[in-house]
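1. Here's a sequence, model it:
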Amino acid sequence: MGEAPEEKWNRVQKKIQQTILTSYPNPNREGCPGSEVLLELARRATKLKTLEGDERWEHVTHCSPCYKEYLEAREQVLNALRPRQHE
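-> Numbers count the residues shown, from 1 in each chain. Predicted coordinates for the structure are as follows:
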C-alpha cells in the first residue's frame, strides 16, 4: 500500500527542511534579521498568512542558522496555541 497524501507531504517537507538546515551555513550570521523578526514570521505562518515575497523570509530560507531558529520559534508559537490538558 502506498503513502497517504499527508504522509508523503510530511516526508517531503522534512526532506526540504533538512536540506535548508544543512545547505546554507552562515557562521557569522551575516544579514540575519534577528530573533524578533523570526518570531514574527513564525506567528504569521501559523495564521496561514503567506511569507512569500517577504525578503526577510527569503533570507531565512537561505540561511541554515535562521531557519533553525525559525523552526524553533514556530514550534513555540504552535505550543502556545495548543489547548492545555488538565494536569
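
2. pLDDT weak spots in the protein?
-> 1, 85-87 (pLDDT under 70).

3. at 80 what do you get?
-> Applying pLDDT under 80 to the chain flags residues 1, 48, 84-87.

4. At the geometric centre of it, which residue sits there?
-> Leu71 (3.7 Å; C-alpha atoms, centre = their mean).

5. So for Gly31, what's the nearest residue that isn't a sequence neighbour?
-> Closest residue to Gly31 apart from its sequence neighbours, by C-beta to C-beta, 6 or more residues apart in numbering: His59 at 5.8 Å. Where you see a C-beta, it was placed from the backbone N, CA and C, and this is true even at glycine.

6. for Cys66, same thing?
-> The shortest distance from Cys66 to any non-neighbouring residue, by C-beta to C-beta, 6+ apart, is to Val60 (4.6 Å).

7. residues near the residue nearest to Gly31, how many?
-> Per other C-beta atoms under 10 Å, the neighbour tally for His59 reads 19.

8. now do Gly31
-> 11.

9. how near is it to Tyr24?
-> Distance of Gly31 to Tyr24, given as C-beta to C-beta, to the nearest Å: 11 Å.
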